[in-house]
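Chemist: Have a look at this prediction, sequence included:
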Amino acid sequence: MLAELTEDQATGEVAVIYAEIRHLCAVPYVSSLQRHLATRPGWLEWGWHAVRPVFASGVAQTAAWNALDSASVQPLPSVPVSTQRLWGLSAQDCIEIRSIGDLFVRVSPTNLMLSAMLRRVLAGDQPSAVAPDDPQPWTPPASIPPPPALVPVEDLDPDTRASLNHFATVVAGQPFIPGLYRMLGEWPTFLGYLATVLAPRFKDADTLAACRQVQQLIDGAAAQVFAQLPPIDTNKWPMPPQHEHPEVLDAMDRYRETSPQMIVFGGLIRDCLLEE
């Protein structure tokens, strides 16, 4: 697993940046991509201020979210309200589950947008737009509510643990279960449903094509947003040393692989529970 600076550990400029990301992206926490950059001296500060103008104006995150409107993926079988109740899911449970799915649909596109633009800068592309003299304030949408805590895998009963293990993958040579699924450990019947109908989609050609399409749509939106990005003040926020670039690009590549999956699968989870 990549090193991270947690939000309760953040101080000074990093704490300010974390607060700005939460506010401008309308999310309850700072994602692991930014938390990892914060462990590398100067990287989060340079990276955030390099792209901050288009996030402060709302252009970047709005373009990332809107890009998803063109994505196409086969939905999961819908779960009617009567079945939800048979599974022991209350109306409030279903609201919380939908919110978890919505959280990843909200967070991951902005991560892909941010990393796509930083990759361009690291490749030598120079932002050249003229910053407006009087930038207009932007009001973000209402934040997604904080998600439930990640369920400790060791606390689960064997059957729930077996269902959760359908979503295990390998990161840096270690077994890893993404937080999206661990958050759902509180609802074992629904988790079992997802292990049955969603886990097989990880190798489904159409679903994998949808993930690639999401990546391509946000990359295309990022190219348009980049054209509106003014130059960064490198005297105040110098680019980190060249020899550190390959490791950071490698970390970004990991998120470019997993983030489209979180968008697609988060949306499938959010949309499969029918509302009353």
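Modeler: Happy to help now that I have it.
Chemist: per-residue pLDDT, Val130?
Modeler: Looking at Val130, its pLDDT stands at 86.
Chemist: Which helix or which strand is home to it?
Modeler: Assigning secondary structure by DSSP states H and E places Val130 outside every helix and strand.
Chemist: What's the separation between it and Ala227?
Modeler: Between Val130 and Ala227 the distance is 11 Å, computed by C-beta to C-beta, to the nearest Å. (C-beta placed from N, C-alpha, C; glycine too.)
Chemist: and these two? which has more neighbours close in?
Modeler: Between Val130 and Ala227, counted using other C-beta atoms under 10 Å, the more crowded position is Ala227 (11 against 8).
Chemist: show me where this protein has helices.
Modeler: 12-24, 32-37, 43-56, 59-67, 81-86, 91-122, 158-164, 179-182, 188-197, 205-226, 245-272 (DSSP state H).
Chemist: Show me which residues of the first one are buried.
Modeler: It stands for helix 12-24. Buried residues in helix 12-24, defined by neighbour count with 16 or more other C-beta atoms under 10 Å: 14, 17-18, 21-22, 24.
Chemist: how about the residues you listed in a markdown table, adding pLDDT and distance to Leu217?
Modeler: Formatted as a markdown table, these follow (pLDDT from 0 to 100; distance: C-beta to C-beta, whole Å):
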| residue | pLDDT | distance to Leu217 |
| --- | --- | --- |
| Val14 | 97 | 31 |
| Ile17 | 97 | 27 |
| Tyr18 | 97 | 27 |
| Ile21 | 97 | 22 |
| Arg22 | 97 | 25 |
| Leu24 | 96 | 21 |
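Chemist: would you turn those residues into TSV with distance to Arg201?
Modeler: Output for these, formatted as TSV (distance: C-beta to C-beta, whole Å):
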residue	distance to Arg201
Val14	37
Ile17	35
Tyr18	33
Ile21	30
Arg22	31
Leu24	32
